[in-house]
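Peer 1: here are the coordinates; sequence isn't available:
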């Protein structure tokens, strides 16, 4: 296995581990431990920003490095890997710069804690919808990362056996 291949697998594994930890540990914990949902939401938002930016940067690094070592690689498999990495990168960018920005704008428009807004208020409904999109986009990025991880690991294992 080459050093580049090891590094690529490590980067993707680190991001995937961080995204999984965020998804399954951070929100449930902070909403239980912190005294207000507003503070918990701020912690989740800040942590999600780190996940999105790191996914964007790592995705770009992995995409760029996929063009370096292309010999003895099945083209269809390489395109599939690059497509998954592009999905990861785009999902993180979408989550941060589109959905995250709209959520921030909605919070500013609301001007008070979201729990104080009526459930049928249009701003609250928009907030809930955007939150759902955010979860879906991060889930898509994580699924793409898992599949890409196994493709990268399989390619590294196959190149070892050559």
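Peer 2: Good, I have the coordinates. Predicted model, so just to flag it, every value in this text is computed and none were measured. Numbering: from 1, shown residues only.
Peer 1: pLDDT of the longest helix that the chain contains, averaged?
Peer 2: Secondary structure of the chain per DSSP state H: the longest helix is helix 122-160. Helix 122-160 shows an average pLDDT of 92 in the prediction.
Peer 1: Distance from that helix to the middle of the chain?
Peer 2: Mean-position distance between helix 122-160 and its chain equals 6 Å (Cα atoms, centre = their mean, to the nearest Å).
Peer 1: Then stretch 116-127?
Peer 2: 26 Å.
Peer 1: buried residues in it?
Peer 2: If you call a residue buried by 16 or more other Cβ atoms under 10 Å, then stretch 116-127 has these buried ones: 117, 124, 126-127. For every residue, glycine as well, the C-beta is placed using N, CA and C.
Peer 1: List of residues touching it?
Peer 2: Here stretch 116-127 makes contact (Cβ atoms under 8 Å, 6 or more residues apart in numbering) with 103, 106-107, 109-110, 114.
Peer 1: Where does the prediction get shaky in the protein?
Peer 2: For the chain, the stretches with pLDDT under 70 are 1, 69-72, 156, 159-162.
Peer 1: Helices of that one, residue ranges please.
Peer 2: Using DSSP H, helices in the chain cover 3-33, 37-65, 75-93, 101-110, 122-160.
Peer 1: Does anything pack onto the fourth one? Which helices or strands?
Peer 2: Identification of packing neighbours for helix 101-110 by 3 or more Cβ pairs under 8 Å, 6 or more residues apart in numbering; DSSP states H and E yields helix 122-160.
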